[in-house]
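J.: return a 3D structure for these sequence lines:
(one chain, ligands or ions: 1)
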Amino acid sequence: MAQIQFEVVAECPQTRARAGLLHTPHGTIETPVFMPVGTQATVKGLSARDLADDLGVRILLANTYHLFVRPGPELIRGMGGLHRFMSWPNAILTDSGGYQVFSLSGLRKIDDRGVVFQSHLNGDLHTFTPESTVDAQLAYGSDIMMVLDECPEYPVSREYARQSTDRTVRWAGQAFGHYRQRLEQTSGFMLPGPGVPQASLMGALFPIVQGSMFADLRRACASALLELEADGYAIGGLSVGEPRPLSLAMVEATEDILPRNRPRYAMGVGMPAELPEYVARGVDMMDCVLPTRNARNGCLFTSEGRVIIKQARYKEDARPLDPACRCYTCSRYSRAYLRHLFLSGEILYAMLATRHNLQRYLDIMREIRHAIISEQYPEYLRSVRSTPVEAGGS
Ligand SMILES: [Zn+2]
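T.: Below you'll find the model as predicted:
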């Protein structure tokens, strides 16, 4: 039985863009969707009220690796699962932890069984296997879980990419075997643990297409993963330092293989100008730390391009950050004030800046969805491509 349901409500006849509805155990999400990143079970600087009520966020991402090393899956299970622990009413997607193991952990050893790694916090040794990462995400109670994958750095040799992709496919098979066993054991429902009065529906599991920057390996990987008949498919291994046109080409490579009636999730992308490009290539879900991390670093995305708030030109600028934005920050504060808060290292700066950057990303996604539904997507794409400030990329 499918754990989530996906409905395509409109398709662009010229590009591969589609608008849909993703039904999860914690509500329905309009797609294409951008998911804010809540690494440590929090989107830094924002409360659940800011996110759910003010910004209208329906799904966010939390990191399996970070929550595994602290506070640990068993503590979260004991606190009633991640939704209750972080007081989040809407859907949660968790990644597999693979990417963080490969990018953060100093010491790691990978073999066919899984990956042994050293916690970046205290040096403790842990093991991730395809089975154990499913169990960790079940303990969190995620609505959408990811299989353990190997995310190779860029560039790697074709031979390494081939071996690594084979391993990712094998691991996905093991993860699904384990997941389906757990589904049978619980008849589709999580057993209530301490502090969990109500049974909740078990989340969906997505396999991840890898293959580094080799289109044929990615196509072979996607074809092999189809056998799993998953509720959705993720495209990983992007944003690892490759040139941007290559990331888009890699998404394009598997678009016609991945099932059209399942959501596709491009992991870890992208810049504001890239969001419509991924959607044009059939992507329904995206996540990225850029809007939140850049906000804290003083880089703000507006409808007129980027604002680097520390610049002297904003010192006496009484205008709102983005006159076209309706967020709390833009309706109340000036650029001069934001610059002052940033230079003073004030906490309020991070809160206001994050709020605005997320609003900007969510506004772009609303524009995209509206353009698809109103059959204007090719025109929309042309107009954003010809806007030099946004097309300026990184
Ligand atoms: Zn704003």
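J.: how close does Y179 sit to T354?
T.: 34 Å (C-beta to C-beta, to the nearest Å). For the C-beta atoms, the positions are set from N, CA and C on the backbone; glycine is no exception.
J.: show me what the mean pLDDT comes to for stretch 360-375.
T.: Mean pLDDT, stretch 360-375: 98.
J.: is any part of that stretch close to the ion?
T.: No - for stretch 360-375 and the ion, the contact criterion (C-beta under 5 Å from the ion) is not met; the two come no nearer than 6.6 Å.
J.: what score does the residue of the chain positioned farthest from its centre have for pLDDT?
T.: Most distant residue from the mean C-alpha position of the chain: E316, 36.8 Å away (C-alpha atoms, centre = their mean). As predicted, E316 sits at a pLDDT of 98.
J.: which residue is the nearest non-sequential neighbour of it?
T.: A336 (5.6 Å; C-beta to C-beta, 6 or more residues apart in numbering).
J.: that neighbour against P320, yeah?
T.: No - using C-beta atoms under 8 Å as the test, A336 is too far from P320 to be in contact (10.7 Å).
J.: so who does the residue nearest to L238 when sequence neighbours are not counted touch?
T.: Spatially, and ignoring its direct neighbours in sequence, L238 is nearest to S247 (4.6 Å; C-beta to C-beta, 6+ apart). S247 is in contact with L238, S239, V269, G270, counting by C-beta atoms under 8 Å, 6 or more residues apart in numbering.
J.: reformat those residues as JSON lines; add secondary structure and distance to the ion.
T.: Output for the contacts of S247, formatted as JSON lines (DSSP: H, G, I helix; E, B strand; the rest coil; distance: C-beta to the ion, whole Å):
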{"residue": "L238", "secondary structure": "coil", "distance to the ion": "28"}
{"residue": "S239", "secondary structure": "coil", "distance to the ion": "25"}
{"residue": "V269", "secondary structure": "coil", "distance to the ion": "22"}
{"residue": "G270", "secondary structure": "coil", "distance to the ion": "20"}
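J.: just the terminal-to-terminal distance for stretch 13-20.
T.: One end of stretch 13-20 to the other measures 15 Å (C-alpha to C-alpha, to the nearest Å).
J.: ok, back up a step: check which helix or strand covers the residue farthest from the centre of the chain.
T.: Assigned by DSSP states H and E, E316 falls within no helix or strand.
J.: roughly how far does it sit from I309?
T.: In terms of C-beta to C-beta, E316 sits 14 Å off from I309.
J.: what about the longest helix in the protein?
T.: For the chain, the longest helix by residue count, based on DSSP state H, is helix 158-186.
J.: what are the buried residues along that helix?
T.: Of all the residues in helix 158-186, those buried under the rule 16 or more other C-beta atoms under 10 Å are 161-162, 164-169, 171-176, 178-179, 182-183.
J.: could you do stretch 367-379 as well?
T.: Neighbour counts over stretch 367-379 (16+ other C-beta under 10 Å) mark E367, I368, R369, A371, I372, Y377 as buried.
J.: nearest to the ion among those?
T.: Nearest to the ion among the buried residues of stretch 367-379: E367, at 14.8 Å, using C-beta to the ion.
J.: ok, that closest one - contacts?
T.: Y380.
J.: any idea which helix or strand carries it?
T.: E367 is located in helix 347-373, with elements delineated by DSSP H and E.
J.: so which bits of that helix are buried?
T.: 349-365, 367-369, 371-372.
J.: got the residues of the protein near the ion?
T.: Counting by C-beta under 5 Å from the ion, the residues of the chain near the ion are D322, C325, C327, T329, C330, H356, Q359.
J.: so where is the stretch 151-300 of the chain shaky, pLDDT-wise?
T.: Applying pLDDT under 70 to the stretch 151-300 of the chain flags the ranges 187-200.
J.: on the three-state scheme, the closest residue to the ion within it is what?
T.: Minimum separation of the stretch 151-300 of the chain from the ion (C-beta to the ion) falls at L300, amounting to 8.4 Å. At L300 the chain is in strand, as set by DSSP: H, G, I helix; E, B strand; the rest coil.
J.: please name the nearest non-neighbouring residue to it.
T.: In space, and not counting its chain neighbours, L300 is closest to V307: 4.4 Å by C-beta to C-beta, 6+ apart.
J.: is it correct that that neighbour is in contact with Y314?
T.: Yes - between V307 and Y314 there is a contact under C-beta under 8 Å: 7.3 Å.
J.: what do the two both touch?
T.: Residues touching both V307 and Y314 (C-beta under 8 Å, 6+ apart): R335.
J.: and the closest residue to M267 other than its chain neighbours, how far from H66?
T.: Distance criterion C-beta to C-beta, 6+ apart; nearest residue to M267, sequence neighbours excluded, is G236 at 4.8 Å. Distance of G236 to H66, computed by C-beta to C-beta: 17 Å.
J.: for A234, which residues are in contact?
T.: M146, F206, P207, I208, V209, R264, Y265, A266, M267.
J.: same thing but 10 Å
T.: 93, 95-96, 144, 146-147, 149, 206-210, 225, 258, 263-267, 285 (C-beta atoms under 10 Å, 6 or more residues apart in numbering).
J.: equivalent analysis for P32, please.
T.: Contacts of P32 by C-beta under 10 Å, 6+ apart are 17-20, 263-264, 266, 275-276, 278-279, 282-286, 364-366, 368-369, 372.
J.: thanks again, I'm all set now.
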